[in-house]
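K.L.:
sequence first, predicted coordinates after that:
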Amino acid sequence: MAVQGPFKVAFGDVFPYGAYIKGGVEPVRDFDRSTKENFVQARDKDAGELVWAVEVLDADPEQKGTFKVKLMGPVQPIMPEAPAGFPFVPVEFDGLAVTPYVNSGTGRLAYSLKAAAVRPANSRGGATRTSGKDNAAKDAA
């Protein structure tokens with residue numbers, strides 16, 4: 001098969017209605033090296049960078065619940081601030097990659113999301129309905 005491992009996707013293809021961060025950034029536990037008494041943070045297998053996670057709400061009205069997006073970096077990423085009076089932070093993810101897997105508990109297909117970076121959603125007051133390429137073209141104009 002030609003597709004192996006994570007594959008890159010445009011932000012707007014995964015989050016056509018936008019995405020919102022709920023809460024803060026957390027280090028991801030390396031379950032193989034951690035013990036009950038000693039937390040060891042996971043490192044990305046390819047880049048060797050520390051792995052961090054953010055809880056994300058998908059703005060799609062059909063979606064239920066939250067999920068995690070993993071970020072890689074040598075230090076904890078700093079999240080944008082929420083707009084005044086709003087509990088969630090509208091964001092966009094750059095370098096988004098998806099890894100499909102079968103959830104061992106349910107036997108259903110699931111997806112792991114990893115991003116190279118997170119940034120505030122565009123200045124239109126929320127996340128976009130366009131792809132990351134479209135946003136890059138707008139930013140360059």
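P.N.:
Everything's here; your move.
K.L.:
now do the buried residues in stretch 112-125.
P.N.:
L113, K114, A115, V118, A121, N122 (16 or more other CB atoms under 10 Å). From N, CA and C alone the C-beta is placed, and that goes for glycine too.
K.L.:
what helices or strands is the helix or strand hosting the fourth one leaning on?
P.N.:
This points to V118. When elements are assigned from DSSP states H and E, V118 belongs to strand 117-120. On a contact count with 3 or more CB pairs under 8 Å, 6 or more residues apart in numbering; DSSP states H and E, strand 117-120 meets strand 66-73, strand 89-94.
K.L.:
that older thread, and the two most separated of the buried residues of stretch 112-125?
P.N.:
Greatest spacing in the buried residues of stretch 112-125, by CB to CB: K114 and N122 (21.9 Å).
K.L.:
quick one on the thing from earlier: can you list the strands that the strand holding V118 pairs with?
P.N.:
strand 89-94 (antiparallel) (DSSP bridges).
K.L.:
the residue nearest to I21 when sequence neighbours are not counted and P83, how far apart?
P.N.:
Distances taken as CB to CB, 6 or more residues apart in numbering put V89 closest to I21, at 4.4 Å, once the chain neighbours are dropped. According to CB to CB, to the nearest Å, V89 and P83 sit 8 Å apart.
K.L.:
which one's more surrounded, the two?
P.N.:
When V89 and P83 are compared for neighbours, V89 comes out ahead with 22 against 14, by other CB atoms under 10 Å.
K.L.:
in this structure, where is pLDDT below threshold?
P.N.:
1-3, 123-141 (pLDDT under 70).
K.L.:
can you give me the helices in it?
P.N.:
All helices of the chain, identified by DSSP state H, fall at 11-14, 132-140.
K.L.:
which residues does A19 contact?
P.N.:
F11, V56, L57, D58, A59, V69, P90, V91, E92, F93, A121, A127 (CB atoms under 8 Å, 6 or more residues apart in numbering).
K.L.:
burial count for the second one?
P.N.:
One way to gauge burial is a neighbour count; for V56, by other CB under 10 Å, it gives 23.
K.L.:
before we move on, what about the fifth one?
P.N.:
Other residues near A59 number 18, with proximity taken as other CB under 10 Å.
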